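Chemist: Here's my sequence, what's the structure:
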Amino acid sequence: MKIAVCGKGGVGKTTISGLLCRALGSKGIPVLAIDGDPNPNLALTLGVDPKASMPKALTSKLLEVYEKEDGKKYAKLKVPLSEVMDTYGIKTNDNVTLIAVGQPEHAATGCMCGIHTTVREIIHTALEESEQVTLLDLEASLEQMKRGTSKYVDVLLCVVEPYYRSMEAVARFQRLGKELEIKSIVAVANKVKNPEDEEAIRQFCAQTDLPVIAVIPYDATIAEADKSGSLNMDEIDHSSALKAINALAEDLMGSVKA
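Modeler: Here you go, the predicted structure:
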């Protein structure tokens, strides 16, 4: 299964992405986690020490560009996925391998179009070469949707909080996801404090036919654990939010087996 996680900045998508990877990995499922944000934070949620060396940044040099009979140019990975993971990945906790787009080294150095294409083709190759779960944590902007970075995923998880700007952002992600012909586009309600919050999200999502497949309660335990930098699972062992994310992991894998 190939999953992309999207949403407005600050809604908690990186926390959900990391904990979802760890929940799946703890069940013995190998997971490839891709941090698609040029301002990367997924490593910390995966439990990587802040002082540890981060993954080597991906490069568009991994791509081979070719032209088909229609005259259009296409790109594909010119090395096996296993080689990409060995060279650019780091092993984290719970059977998870992390790779990252990397952050810009300097200002005014141009767009990251080639890197978006590289990530897209990594996911495409993963579909063909790997049975493991691949999860892409998208940046908060719509840029990666415009670039088609998540074109080959099976599921687009739209993380939404119970306020209007967050819900409007999810509607935009949903629209672009449909244009990319992503098979399953669903919502994950996050930081839900009461039944009114949940109902507000469900009503909005119903207007755009966006199924809500998980409701994750607001939980200060995770916010407190985040303060130490690297997220320690022992500190959130009894977290209600973690229990909801574990249930989401089981539901996702159950949908694959069904």
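Chemist: what are the ranges of the helices in this structure?
Modeler: 13-25, 42-45, 81-88, 113-129, 143-146, 164-179, 195-207, 220-226, 240-257 (DSSP state H).
Chemist: Comparing those by mean pLDDT, which bottoms out?
Modeler: Ranked by mean pLDDT, the helices of the chain bottom out at helix 143-146, with a mean of 60.
Chemist: Need the nearest residue in space to Glu121, chain neighbours excluded.
Modeler: Leu77 (5.1 Å; CB to CB, 6 or more residues apart in numbering). Glycine gets a C-beta too; all of them are placed from N, C-alpha and C.
Chemist: Can you get me a residue count around that neighbour?
Modeler: 18 (other CB atoms under 10 Å).
Chemist: ok, back up a step: single out the most deeply packed of the helices of the chain.
Modeler: Stretch with highest mean neighbour count among those: helix 13-25 (a mean of 26; mean count of other CB atoms under 10 Å).
Chemist: relative to helix 240-257, how tilted is that one?
Modeler: 60 degrees (axes from the mean of the first three to the mean of the last three CA atoms, to 10 degrees).
Chemist: Can you pull out the residues in contact with helix 13-25?
Modeler: 3, 5-7, 31, 33, 37, 41-42, 44-47, 93-96, 133, 135, 137-138, 140, 157, 159, 188, 190, 216, 222, 226, 231, 233, 242, 245-246, 248-249, 252-253 (CB atoms under 8 Å, 6 or more residues apart in numbering).
Chemist: Check this protein for me, the residue farthest from its geometric middle.
Modeler: Glu69 (34.3 Å; CA atoms, centre = their mean).
Chemist: Show me what Leu77 is bridged to.
Modeler: Leu63 (DSSP bridges).
Chemist: quick thing: my sequence starts at 14, can you match it?
Modeler: Yes, from this point I'll number from 14; that puts the last item at Leu90.
Chemist: That one and Glu77 touch, don't they?
Modeler: Yes: if you go by CB atoms under 8 Å, Leu90 and Glu77 touch, sitting 7.4 Å apart.
Chemist: Around Asn54, count how many other residues there are.
Modeler: Residues lying near Asn54 (other CB under 10 Å) number 16.
Chemist: if we can go back for a sec, nearest approach to Ser73 belongs to which of the helices of the chain?
Modeler: Taking CB to CB as the criterion, helix 126-142 is the member of the helices of the chain that comes nearest to Ser73, at 3.0 Å.
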